[in-house]
Every structure is written in C-alpha cells, then in structure tokens.
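In: Fold the following.
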Amino acid sequence: MYGFLLAVLVLDGIILGIVILLQSGKGGGLAAVGGGAAMTEGLLGGRQATTVLTRTTWTTGTIFMVLALVLSILSSRAQQPQSVIQVDAPATTTEPQPVLPGLEGGNAAAPTTPGGSGSTSGTGTSGTSGTTAPPGGNPGR
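Out: The predicted structure is shown next:
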C-alpha cells in the first residue's frame, strides 16, 4: 500500500510539473512587483476564465498535498517510538562481585578476621576477647 501510494505521488508530481510548465505567464513576473499599470490590471481587473491547465494544476496540486500527508502519517505509524532511557539488556549477565568497605586497591576477595576489624595481618586486636587459653592453664591471668 505504501509503495503504491508513493508511486502515485511521484507520477502526480511529474504531471504537476509538466502542467505548470505548459501554462503561459499571466503577468510581468518580478517586473510587476515595482508597481505600474500591469499590477493594477492583475489585481483589480476582471475575473479571468479558468482554463483546463489551471483546473488541472489545482487538482494535481491538491492530490499531491493529500498524498504527501497520508504518506507522512503512514510512515510515522510504522516506526514505534522508543524510550531513550530504556536499554535492551544483554542475554547473559554476570553478577558483579560485592565491594566491601574498608578494602582499597580492588582487593574485594580478601577475607576478614572474625573480630570484624577487616585486617588480615596478625597484628590486629589486643586483649583476651579473641585469644584462647593454653591447655591446662588459667585464662584469667
């Protein structure tokens, strides 16, 4: 349907161009813009008889404008508007690694100590909260 209407529009445009070129000039063109008798005769003169070429020009011009409007509406309906924000997600996604606070340098896989200090070296906490008593000894001393 769209291709047919487009072909009719092109043919109508060719016919319109030929009909316009076949018509004779009605006035002095740009020379009449300056004023003078030619301008008053064109504006205030009697009504001229419409010829076949004039009627054909109006008809083909009207058909051209209507077809251009219809094709414009058809082409805008063929394209569905898409959101700029909405992005198609890739088919397979990998889960990102969690980033732990306090770790710098991208070492997200480093384990933390049971005391919760985040330090992996052995010089972490002091006191008896994280230590165990030697076998057979008294943990209070």
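
In: Going by C-alpha atoms from here, please, whenever you check contacts or count neighbours.
Out: Will do.

In: now stretch 23-41: mean pLDDT?
Out: For stretch 23-41, the mean pLDDT works out to 60.

In: In the lengthiest helix in the chain, which residues are buried?
Out: Using DSSP state H to define each element, the chain has its longest helix at helix 52-78. Neighbour-count burial for helix 52-78, counted by 16 or more other CA atoms under 10 Å, picks out L53, T57, T60, G61, I63, F64, L67, L71.

In: got a markdown table for those residues, with pLDDT and distance to S83 too?
Out: Output for the buried residues of helix 52-78, formatted as a markdown table (pLDDT from 0 to 100; distance: CA to CA, whole Å):
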| residue | pLDDT | distance to S83 |
| --- | --- | --- |
| L53 | 89 | 49 |
| T57 | 93 | 43 |
| T60 | 96 | 40 |
| G61 | 95 | 38 |
| I63 | 96 | 35 |
| F64 | 96 | 34 |
| L67 | 96 | 30 |
| L71 | 93 | 24 |
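
In: Around the closest residue to L74 other than its chain neighbours, count how many other residues there are.
Out: Nearest residue to L74, sequence neighbours excluded (CA to CA, 6 or more residues apart in numbering): Y2, at 7.4 Å. Number of residues near Y2 (other CA atoms under 10 Å) recorded here: 11.

In: okay but Y2 is in contact with I73, surely?
Out: No: contact criterion CA atoms under 8 Å: Y2 and I73 do not qualify, at 10.6 Å.

In: before we move on, the earlier item: I'd like a version of the buried residues of helix 52-78 in CSV, one that adds distance to E95 as further columns.
Out: What follows is the buried residues of helix 52-78, written out as CSV (distance: CA to CA, whole Å):
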residue, distance to E95
L53, 73
T57, 67
T60, 63
G61, 62
I63, 59
F64, 57
L67, 53
L71, 47
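
In: Which one of these is nearest to T94?
Out: For these, the closest approach to T94 (CA to CA) belongs to L71, at 45.6 Å.

In: Output the below-cut-off pLDDT ranges for the protein.
Out: For the chain, the stretches with pLDDT under 70 are 26-49, 78-81, 88-91, 93, 104-141.

In: In terms of helices and strands, where is G17?
Out: Assigned by DSSP states H and E, G17 belongs to helix 2-22.
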